[in-house]
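Student: Would you be able to build a 3D model of this:
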Amino acid sequence: MNHLAFVFGLLGNIVSFMVFLSPLPTFYKIYKKKSTEGFQSVPYVIGLFSAMLWIYYAFLKPDTTLLITINSVGCLIQSSYICFYLFFAPKYARVQTVKMLVLLNVVGLGLIMLLTHFLAKDDSYRANIVGWICLVFSLCVFVAPLCVVRQVIRTKSVEYMPFLLSFFLTLSAVMWFFYGLLRKDYNIAIPNVLGFIFGVLQMVLYAIYKNGKKVVQEKQHQLPEILQSQIIAIEEQKLPDLKDQIIDVVKLGGIAVEIIPVLPVLVV
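Tutor: Numbers count the residues shown, from 1 in each chain. Here you go, the predicted model:
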């Protein structure tokens, strides 16, 4: 049974590592544009907090090397994302990110460690308390993709829900569920049941609305064509000032159209 748990834990490490690397295209886009634009740092701050919390839990439990390894890698990758974000973010977003880091990863985690250390009787009781905190936090994080699911249903488009990311998140939830189940660690197993359900739901929605993206794109491309015809009409009427104003609207519209949400990543 322990050997089988090791296999699922090892596979969980591999799949979770791929999930951690999934935001790389986002940061490549930030690098090319030299600006974070509409991107947010919240998923990466939460991801860092989650990884640090699970490492603390793992140190309180015996034989949790696989849990420590993947979350240590997660801490490194999420910290790299945050540093990269801070480098290209505007001042307001940078300040908000630092505040969130201090509040969640310094004050929040510090209080959990101090309170459990002084109030808990021994390591076993302390591990149970931290495990329950991890379980509740994991459930909250797994509920977060509901906003993306609602957006897909409302727009009838999967443009903002990549299939591969949903697939690997579902696969990760399966691996860590069996790892927790075989080790009889329900603090790991229970949250991943919810992760699996939401993952399957996202893939089902992808299958239903996978052709809806073209409709949305076609509607978006109609606007510049209409404005272009207006510009031609204005040229014929020799109204250069109004023409320039419409061109400015087109440029502003091109900037406002791009909305790229980022999903939080949770690995347990």
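Student: Show me where the stretch 51-200 of the chain has its helices.
Tutor: Secondary structure of the stretch 51-200 of the chain, counting by DSSP state H, counting those that start in this stretch: helices at 65-88, 91-101, 109-119, 123-143, 146-155, 163-182, 186-209.
Student: which one of those is the most hemmed in?
Tutor: helix 163-182 (a mean of 21; mean count of other C-beta atoms under 10 Å). From N, CA and C alone the C-beta is placed, and that goes for glycine too.
Student: Tell me where the model's unsure across the stretch 51-200 of the chain.
Tutor: Scanning the stretch 51-200 of the chain for pLDDT under 70 picks out the ranges 144-145, 160.
Student: do that again at 80, thanks
Tutor: 121, 123, 139-151, 157-166 (pLDDT under 80).
Student: wait, residue 34 sits on residue 89?
Tutor: No: in this structure residue 34 lies outside contact range of residue 89 using C-beta atoms under 8 Å: 11.0 Å.
Student: Compare those two (neighbour count), which wins?
Tutor: Between residue 34 and residue 89, residue 89 has the larger neighbour count (other C-beta atoms under 10 Å), namely 21 against 9.
Student: ok, the more buried one touching residue 41?
Tutor: Yes: counting by C-beta under 8 Å, residue 89 touches residue 41, with 7.2 Å between them.
Student: Mind pulling up the pLDDT for residue 1?
Tutor: The score at residue 1 is 64. That number is its pLDDT.
Student: Residue 6 now?
Tutor: pLDDT, residue 6: 90.
Student: Skipping its backbone neighbours, what lies nearest it in space?
Tutor: Using C-beta to C-beta, 6 or more residues apart in numbering and skipping the chain neighbours, the partner closest in space to residue 6 is residue 66 (7.2 Å).
Student: on that earlier part again, do you know which of the helices of the stretch 51-200 of the chain lies nearest residue 45?
Tutor: helix 91-101 (5.0 Å; C-beta to C-beta).
Student: Now do the closest one: everything it contacts.
Tutor: When contacts are defined by C-beta atoms under 8 Å, 6 or more residues apart in numbering, helix 91-101 is touched by residues 36, 40, 41, 42, 45, 48, 82, 85, 86, 89.
Student: Please repeat the previous calculation with a cut-off of 6 Å.
Tutor: 41, 45, 86 (C-beta atoms under 6 Å, 6 or more residues apart in numbering).
Student: For it, list the C-alpha coordinates in CSV.
Tutor: Only the C-alpha atoms of helix 91-101 are listed here, as CSV (Å, rounded to 0.1, in the frame of the first residue of the first chain):
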residue,chain,number,x,y,z
LYS,A,91,3.2,51.4,-8.8
TYR,A,92,-0.3,50.8,-7.5
ALA,A,93,-0.3,47.1,-8.5
ARG,A,94,3.1,46.7,-7.0
VAL,A,95,2.0,48.2,-3.7
GLN,A,96,-1.1,46.0,-3.5
THR,A,97,0.9,42.9,-4.2
VAL,A,98,3.4,43.7,-1.5
LYS,A,99,0.6,44.4,1.0
MET,A,100,-1.0,41.1,0.1
LEU,A,101,2.3,39.2,0.5
